[in-house]
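Chemist: Structure for this input, please:
(chains A and B)
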Amino acid sequence: MNDPSAASSGPLPTIPPLVALAMRPLPLLPLQLALGAVLRGIHRRNPAIFDRLGAHARARFGIKPIDLPFAFVVEAKPPRLSVVRELPQGLDARISASLANLLALLEGRVDGDALMFSRELVVEGDVEAVLALRNAIDDAQLDLATELSSLFGPLGAPARRAFEAARGHVIGSSGQSEQFR
Amino acid sequence: MMELICPAGTPAALKSAIDAGADAIYCGFNDETNARNFPGLNFSRDELRKAIALAHGRGAKILVAINTFPRAAAVDIWHRAVDDAVSAGADALILADIGLMDYTARRHPNQRLHVSVQAAAANPDAIAFYAENFGARRVVLPRVLSVPEIAEITRESACETEVFVFGGLCVMAEGRCSLSSYATGKSPNMQGVCSPPSHVTYEQTAEGTKSSLGGFAINRFGTSEPAGYPTLCKGRFSTAQGAGYIFEDPVSLDATTLLRGLRDAGVTALKIEGRQRGRAYVESVVRHFRHALAALESGSETDIASLKPFTEGQASTLGAYRKTWR
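Modeler: The predicted structure is shown next:
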């Protein structure tokens, strides 16, 4: 990240292009397996998400972090996640933003409309499905450090601390809200 | 001190509003009975009961917005919403339709009623009608009035007055606007959804992002140009006089600097728009106005620029409160 302190005083930081370039040869399967397990954990612990998604629970969302050399295809029901080099055709909707903004959105630390207004978030395809997803996730109050550390079994506590520290660098302690305290 | 009335589109946002200092939170059922009928938003009956228990435990009130206009042959949906909100223990119902107010006043005579902004009650006679016939205790004033006009209305009315201090603006024909209905066939006033997302498309072009509603192109934003909601009232159109925003600019109301005038006008409550917004918005905007109200009481200064990132088009206005066009 090029400016970890920016999270508390302005737009969230982006991954420097050189770092993104260095990530390009990395194999995607390990990341896909890990994130797939996280998605299934979220699915188990937050069934209300699917109530809020309603008719859009089976939509296929393409998530593109604009500062990473890969993207994600996510389905809620059944929970499925693929990591891909390029988003395929035929998705119901595509969502593009920096990784930090996407993570902050996942945790409800930034407001999706505000990101649209500032052009930091781009949506294409089924806007209704995207809105349902945004509202469902915002209500779920996800804590990514908790979700990710659940993969580490007995090492969950130190893993959680490490993820919390990483989160602090990426999106600050409270994202958009932090600017106004 | 004036009450701070805050939006919540989800139980999590409601909790954020309470944590940030809301005196009362307004919310609605997840159906066409409320004017923010968007996918993934709003409360089930069970969620509302739990929300009311949470709010009352924290000393906050819950106002339930049933503020759309019942469709012919479907009035039962609205009656059921009223009955369920009363049964859940709502502190007040926010209603727009006179038929629904009559039903509520007869069926639930002890239930506190507020007149929704959607009713567009903008003068003492209209307000007196609601107070005398249905026992309305408060009116949410439409966003067409200057501060002196609000003072005059408040002085002449038996009702408490509530005014918006932050958030999205309509074209000042609240409850009567059919722009979105024309383009989509769905009514903001009867189905609760202005610019339904099912009819919105965003297309990335070489010139930027093109937004359309119901197949009508309504705006095109350059790559780094701040954007607004995809509503026709904030569309940019070409006319014989040139191209631009012919109804209104994509800006948000921010009346932080007018709090003293609103207090002196006798206003009872300040309302924040935005049930469709996320927790980050609710938490930050509510906290901002809680601080602003505390500053008003203590006579200290308030940071008036800090809400800009949450504003539509990244810009704010005092709207009709400080009229410059008359």
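Chemist: which ones are touching the residue of chain B most remote from its centre?
Modeler: Distance from the centre of chain B peaks at B:A206, with 35.5 Å (Cα atoms, centre = their mean). If you count contacts by Cβ atoms under 8 Å, 6 or more residues apart in numbering or on different chains, B:A206 has none. C-beta coordinates here come from the backbone N, C-alpha and C atoms, glycine included.
Chemist: what are the phi and psi angles of it?
Modeler: Here is the backbone geometry of B:A206 (degrees, to the nearest 10): phi -60, psi -30.
Chemist: Over to B:L48?
Modeler: phi -70, psi -40.
Chemist: distance of the residue in chain A that chain B sits nearest to from B:I18?
Modeler: Nearest residue of chain A to chain B (Cβ to the nearest Cβ) works out as A:N135 at 3.1 Å. For A:N135, the distance to B:I18 (Cβ to Cβ, to the nearest Å) stands at 19 Å.
Chemist: related to what we said a few turns ago, settle this for me: the residue of chain A closest to chain B is touching B:T10, isn't it.
Modeler: Yes - counting by Cβ atoms under 8 Å, B:T10 is a contact partner of A:N135 at 6.4 Å.
Chemist: Quickly list what's touching both of these two.
Modeler: Joint contacts of A:N135 and B:T10 (Cβ under 8 Å, 6+ apart) are A:52, B:41.
Chemist: who has more neighbours, these two?
Modeler: Using other Cβ atoms under 10 Å in any protein chain shown as the criterion, A:N135 and B:T10 rank with B:T10 on top: 29 against 26.
Chemist: Tell me how many other residues surround the closest residue to the more buried one other than its chain neighbours.
Modeler: Leaving out its chain neighbours, the residue that sits closest to B:T10 by Cβ to Cβ, 6 or more residues apart in numbering or on different chains is A:D139, at 3.7 Å. Applying other Cβ under 10 Å, we find 26 other residues in the vicinity of A:D139.
Chemist: How about the backbone phi and psi for A:D139?
Modeler: phi -80, psi -20.
Chemist: quick one: contacts for it?
Modeler: A:48-49, A:52, B:10-13, B:40.
Chemist: can I get the CA coordinates of the helix or strand containing B:A243 in PDB?
Modeler: Assigned by DSSP states H and E, B:A243 falls within strand B:242-245. This file holds the C-alpha atoms of strand B:242-245, laid out as PDB (Å, rounded to 0.1, in the frame of the first residue of the first chain):
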ATOM      1  CA  GLY B 242     -28.000  24.600 -23.900                       C
ATOM      2  CA  ALA B 243     -27.100  21.500 -22.000                       C
ATOM      3  CA  GLY B 244     -27.300  21.100 -18.300                       C
ATOM      4  CA  TYR B 245     -29.300  20.200 -15.200                       C
END
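Chemist: what is the rounded mean pLDDT of the following helix or strand past it?
Modeler: Proceeding C-terminally, strand B:242-245 gives way to strand B:252-254 as the next helix or strand, assigned by DSSP H and E. Throughout strand B:252-254, pLDDT has a mean value of 94.
Chemist: now for the next helix or strand after strand B:252-254, which elements pack on it?
Modeler: Downstream of strand B:252-254, the first helix or strand assigned by DSSP H and E is helix B:259-264. Helices and strands touching helix B:259-264, by 3 or more Cβ pairs under 8 Å, 6 or more residues apart in numbering or on different chains; DSSP states H and E, are helix B:147-156, strand B:160-167, helix B:279-298.
Chemist: For the spatially most central residue of chain B, list the residues it contacts.
Modeler: Of all residues in chain B, the one closest to the mean position by Cα atoms, centre = their mean is B:E273, 4.2 Å from it. Counting by Cβ under 8 Å, 6+ apart, B:E273 makes contact with B:7, B:164, B:166-168, B:253.
Chemist: Tell me which of those residues has the lowest pLDDT.
Modeler: Among those, B:G168 carries the lowest pLDDT, at 91.
Chemist: list the contacts for it?
Modeler: Contact analysis of B:G168 by Cβ under 8 Å, 6+ apart lists B:229, B:252-253, B:273-274, B:312.
Chemist: For chain A, which residues are neighbours of chain B?
Modeler: By Cβ under 8 Å from any Cβ of the partner chain, the residues of chain A that approach chain B are A:51-54, A:56, A:108-114, A:116-119, A:122-124, A:127-136, A:138-141, A:175-177, A:179-181.
Chemist: Return the subset of those lying in strands.
Modeler: Members of the residues of chain A next to chain B lying in strands (criterion: DSSP state E): A:122-124.
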